[in-house]
Every structure is written in C-alpha cells, then in structure tokens.
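Undergrad: show me the folded form of this:
(2 chains)
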Number of protein chains: 2
Amino acid sequence: MYGLIGKMIAKPGQRDALARLLLGGAQSMPGCRSYIIAADPSDEKAIWVTEVWDAEADHNASLHLPEVGAAIREARPLIEGFGERCITTPLGGAGLG
Amino acid sequence: MYGLIGKMIAKPGQRDALARLLLGGAQSMPGCRSYIIAADPSDEKAIWVTEVWDAEADHNASLHLPEVGAAIREARPLIEGFGERCITTPLGGAGLG
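TA: Below is the predicted model:
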C-alpha cells in the first residue's frame, strides 16, 4: 500500500470551502482505500489530508480523473500553500476500504 | 469526530514487532472509525498512527479496554519515543467505518 499524510493551508476564510471541494472530488477513486479530510483545531487555515492507496500508481492515476481534475482547478485559488507532507507505507488497521 | 495523527519511534530493530502489537490491539474498538498503522519509508524506526473516532471520549475509553491495555503493556518496552502528534477534527471522506 501507499499512503500520504499532508497539510494544506487555505487562504483566510476559505478553509471550509476548500474542505468541501476536497471531499467532493474524492468519491469512488479506483484503488483508494482511505481518504480523510480533517480540520486542524489549532490552526484555522489548516487542513490535514490522509490517504491510503493500493499502490502509488493508483494515487497518480487519480490525479487524471475528470472529477478530481475539476476539484483541483476549483481548489487551487483557495490554497495559500502546503505544510508537512509525508509518504507512508500503510501496514493495516481498521477503516481500510 | 475526533482524530489523531501521531508518530512513534521504535527502538532499533523493533519497528515490525511494535507495528504488529499496535495492529493486534486495534480490533473492534467502540467508536473507532479508522485506525491505520503505517511505516515511514524515510525512517526505519518510525511508525505513523492515524486515528478517527466518533468522539474524544471513545478514544479515551479505548485506552481502558483489556486488549488495548495488554497491547500497551507489551509495546512499551519496544518504544524509544514519540514524534509529532496532532489532534484533528475529521470532516469526512472515504474509509470511515
């Protein structure tokens, strides 16, 4: 499996709108076993995105899905920048679809 | 919902054993919607633990479950320390049991 843990920084006042776009673009992506959007309670502009994929290739392919591309285009103007980003090797657990 | 993203550092050579213990202790915890154990490919001693719970109280209660308590007792001697730890407010996504 291939995982990502990343932090996204929204422009001021845009976090909720950005989270909605990320959630909307993330439905039924092939090879996606977990994709969770979370707000950071200690930073009103920050969003955590944690992802688990069957393989890195599935993640890369998702970026070319029409609905994901549309979400990325809509989201881009709401994003101020990016924080930490870690690649992980998921081993198992609960909640892996 | 209540989430945690945390990094655990295993003693040298103990990461696989520590991951197995964490996975074994994490079965069927009430209120747990996601609990994923991942290795860090850039640090041979590091494990990422990402968790989503219905509420903080469910997470706190899980620490008193007999099987979790047993896993914690077995795991403690394998742990060198802890890295980043962030509380999150999960908003939704895929893979939330």
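Undergrad: what residues does the helix or strand of chain A with the lowest mean pLDDT touch?
TA: Using mean pLDDT, DSSP states H and E, the weakest-scoring helix or strand in chain A turns out to be helix A:66-75, at a mean of 91. The contact list for helix A:66-75, computed with CB atoms under 8 Å, 6 or more residues apart in numbering or on different chains, reads A:L18, A:L21, A:L22, A:G24, A:G25, A:A26, A:Q27, A:M29, A:S62, A:L63. In short, each C-beta sits where N, CA and C put it, glycine included.
Undergrad: okay, now the first one: neighbour count?
TA: I take that to be A:L18. 24 (other CB atoms under 10 Å in any protein chain shown).
Undergrad: would you list the contacts of helix A:66-75 in CSV and tack on secondary structure?
TA: CSV is the format used below for these (DSSP: H, G, I helix; E, B strand; the rest coil):
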residue, secondary structure
A:L18, helix
A:L21, helix
A:L22, helix
A:G24, helix
A:G25, coil
A:A26, coil
A:Q27, coil
A:M29, coil
A:S62, helix
A:L63, coil
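Undergrad: coming back round to it: are the helix or strand following the least confident helix or strand of chain A and chain B in contact anywhere?
TA: Going down the chain from helix A:66-75, the next helix or strand is strand A:79-94, by DSSP states H and E. Yes: for strand A:79-94, a contact with chain B is found by CB under 8 Å from any CB of the partner chain, at A:E84, A:C86, A:I87, A:T88, A:T89, A:P90, A:L91, A:G92, A:G93, A:A94.
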